[in-house]
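Enquirer: okay, sequence plus prediction incoming.
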Amino acid sequence: MGVDSVLINLTYLASSALFIFGIKGLTHPRTAVRGNLLGATGMLLAVVATLSNEQVFGAGLSGLAVILAGLLLGSAVGTLFALKIQMTAMPEMVALLNAFGGAASALIAGAVLAESNDPTRQTAVATVASGIIGSVTFWGSLVAFDKLKGILLPDRPIHFPGQQYLTGLLALTALALGLLVVNDPTQLSNYGQLIIVSSILGVFLTIPIGGADMPVAIALLNSYSGLAAASTGFVLDSNILIITGSLVGASGLILTRIMCKAMNRSLMNVLMGAIGPDNDDASSTDDIYAGRVKNASPEEVAMLFDGARRVVVVPGYGMAVAQAQHQIRDLANLLESRGIEVEFAIHPVAGRMPGHMNVLLAEADVDYDKLKEMDEINSSFEQTDVTIVLGANDIVNPTARTQSSGPIAGMPILDVDKSRTVVVVKRSLSPGFAGIPNPLFAADNTLMLFADGKQAVLELIAAVKDS
Amino acid sequence: MNDLLPLLTIFMLAVFVGFEIITKVPPLLHTPLMSGSNAISGITIIGALLSVATDSLLTAILGFIALVLATINVVGGFLVTHRMVAMFKKKD
């Protein structure tokens, strides 16, 4: 180990520390910007250190030109993505980033395998891990991206007979090919087949997961992309890759667990896509709604705000679809100017990825102190005069508390039904992702405001101003 | 095996550190956490740089594709995270 490589490794150590401080910065919105900058600084240091490495620096002019081209191309595409993306489309963006991370790990592991004549057992095993996890991450994330965008695949889980056996068979085949690679690492075609089988496995692992379960899928794929990077670290004997990869792997796993808990479902249950409409007989839906659903006009709802002291807004995926975050902010400001306390209640799985609603409301300039977590705000619904449910459904369904079986049984919900009046802004009585009717819509203290989210809030604002 | 042990040790300790810090990230910031962790997992960029700088054509091609993808992750990840965390404001 020459002086240069000691210096380079020390720089990597500093970068690893900066990454850890960077994530630590994300523990509070006040320090988050600085944290992200620390992480970026760490990355810059690591890249500069690597470029000064003999192998890279000695690659000659043509080699450096290729490197520069790659860096410029990647930076241009990355910048374009980051600046163009709408905040409502953030789940898609994260899905793509997961995909690229997984692919990069699998490719690098393949490149190392192709280059070395006699790789050690450790390198071979790590390469196999990197190849399998990386390919599963890449294709799984592309499927997740497609499901979120709705280009080719439906939002609903895709099931067919024998699906689990096929998936299991694919996984076993991938492992068997992995054994072949470890046995004779010089046979590159085995690695190629491993990548192909793992890619198909990635697709089959993700298609049974439904649209509303995407928060779990994306968090899990995030974890995979970290684990793929850590495996690549074992391939390259690189501490910084191992440290960073395991940080990201842990992060994704924690988010996955939080999301599953917030739905009272096991990870297995989510991954199998074991939720969805069991075609509830329509009669039970009629029994719940018949004659009990009360329709309200914006003017009637505006009257509720007269004399109200506290209003809570519950946003759901519907708010993101209708892009109504700016309008609801305007309404909240208007109510506050009349002396009404307004807060936002955020369910952990509202939206299509962890923290989705918070980002949208922050984009609309809502003070983050007003964004309350479920556990924090649930006890205050009894003192709430009006709760506005904007494009949310399953996360406010009171049957989750009472039913012992069914798709949302035991799921922690926002106790909106305990507030004096609930106003549900929704286009129709159609069920949410769980495919079950919501008795909240027929409750005595609930008024339905049937309209598109954005339009409804605009009309509410006008009605409040007139009253 | 002797080479592997230090690496496994680092791996295990880093997982513990990860669990400790990340459980303290509030749900408010879970989306930036995901994009930010994607950005730092773009650290594979250094592996890609090493792969590009070789004589073997196959390795260089695989390395180049990996370099572009990892750079997208790094630049796109940090930038979009910055865009998001900069929006979280407190009004006075």
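Expert: In hand now; what should we look at?

Enquirer: where do the helices sit along the stretch 301-450 of chain A?
Expert: Secondary structure of the stretch 301-450 of chain A (DSSP state H, counting those that start in this stretch): helices at A:317-322, A:325-337, A:356-363, A:374-377, A:399-402.

Enquirer: contacts for the second one, please.
Expert: With contact meaning CB atoms under 8 Å, 6 or more residues apart in numbering or on different chains, helix A:325-337 is reached by A:305, A:308, A:311, A:313, A:315, A:319, A:342, A:344, A:360-361, A:363-366, A:370, A:388, A:390, A:453-454, A:457-458, A:460-461, A:464-465. (C-beta placed from N, C-alpha, C; glycine too.)

Enquirer: can you report phi and psi for A:Leu10?
Expert: phi -70, psi -40 (degrees, to the nearest 10).

Enquirer: any chance of the helices of the stretch 301-450 of chain A in a markdown table, with distance to A:Leu13 and mean pLDDT too?
Expert: As requested, the helices of the stretch 301-450 of chain A are arranged in a markdown table below (distance: least, CB to CB, whole Å; pLDDT from 0 to 100):
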| stretch | distance to A:Leu13 | mean pLDDT |
| --- | --- | --- |
| helix A:317-322 | 41 | 92 |
| helix A:325-337 | 42 | 96 |
| helix A:356-363 | 33 | 95 |
| helix A:374-377 | 39 | 94 |
| helix A:399-402 | 48 | 90 |
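
Enquirer: which of those sits closest to A:Ala174?
Expert: Smallest distance to A:Ala174 across the helices of the stretch 301-450 of chain A (CB to CB): 32.3 Å, for helix A:356-363.

Enquirer: any idea how far the closest one is from the chain center?
Expert: Helix A:356-363 sits 13 Å away from the centroid of its parent chain (CA atoms, centre = their mean, to the nearest Å).

Enquirer: briefly note if that helix comes near chain B.
Expert: Yes: Helix A:356-363 is in contact with chain B by CB under 8 Å from any CB of the partner chain, via A:His356, A:Asn358, A:Val359, A:Ala362, A:Glu363.

Enquirer: and for stretch A:226-233?
Expert: Yes: interface with chain B: stretch A:226-233 contributes A:Gly226, A:Ala229, A:Ala230, A:Thr232, A:Gly233 (CB under 8 Å from any CB).

Enquirer: out of the residues you listed, which are inside helices?
Expert: Counting by DSSP state H, the residues of stretch A:226-233 next to chain B place A:Gly226, A:Ala229, A:Ala230, A:Thr232, A:Gly233 in helices.

Enquirer: can you tell me which of the contacts of helix A:325-337 are buried?
Expert: With burial judged by 16 or more other CB atoms under 10 Å in any protein chain shown, the buried subset of those is A:305, A:308, A:311, A:313, A:315, A:319, A:342, A:344, A:360-361, A:363-364, A:366, A:370, A:388, A:390, A:453-454, A:457-458, A:460-461, A:464.

Enquirer: report the separation between the closest residue to chain B within chain A and A:Ala176.
Expert: Chain B sits closest to A:Gly74 of chain A, with a gap of 2.4 Å, by CB to the nearest CB. In this view, A:Gly74 and A:Ala176 are 35 Å apart by CB to CB, to the nearest Å.

Enquirer: between those two, which one's more packed in?
Expert: The residue with more neighbours, out of A:Gly74 and A:Ala176, is A:Gly74; 26 against 13, by other CB atoms under 10 Å in any protein chain shown.

Enquirer: the more buried one: what's it in contact with?
Expert: Counting by CB under 8 Å, 6+ apart, the residues that A:Gly74 touches are B:Leu67, B:Val68, B:Leu69, B:Ala70, B:Thr71, B:Ile72, B:Val74, B:Val75.

Enquirer: go on, A:Ile196?
Expert: So A:Ile196 contacts nothing (CB under 8 Å, 6+ apart).

Enquirer: name the element it belongs to?
Expert: Using DSSP states H and E, A:Ile196 falls within helix A:188-206.

Enquirer: now do residue 75: how many residues are near it, please.
Expert: You didn't pick a chain, so chain A it is. So A:Ser75, with other CB under 10 Å, has 17 neighbours.

Enquirer: you answered for a different chain; I wanted chain B.
Expert: 25.

Enquirer: can you check A:Asp394 too?
Expert: By other CB under 10 Å, 26 other residues sit near A:Asp394.

Enquirer: before we move on, what about B:Asn73?
Expert: B:Asn73 is flanked by 31 other residues according to other CB under 10 Å.

Enquirer: what of A:Glu54?
Expert: 12.

Enquirer: what strand or helix carries the residue of chain B found nearest chain A?
Expert: Nearest residue of chain B to chain A, counting by CB to the nearest CB: B:Thr71, 2.4 Å away. Taking DSSP H and E as the criterion, B:Thr71 maps to helix B:57-85.

Enquirer: distance from the chain centre to that helix, please.
Expert: So, by CA atoms, centre = their mean, the centroid of helix B:57-85 is 10 Å from its chain's centroid.
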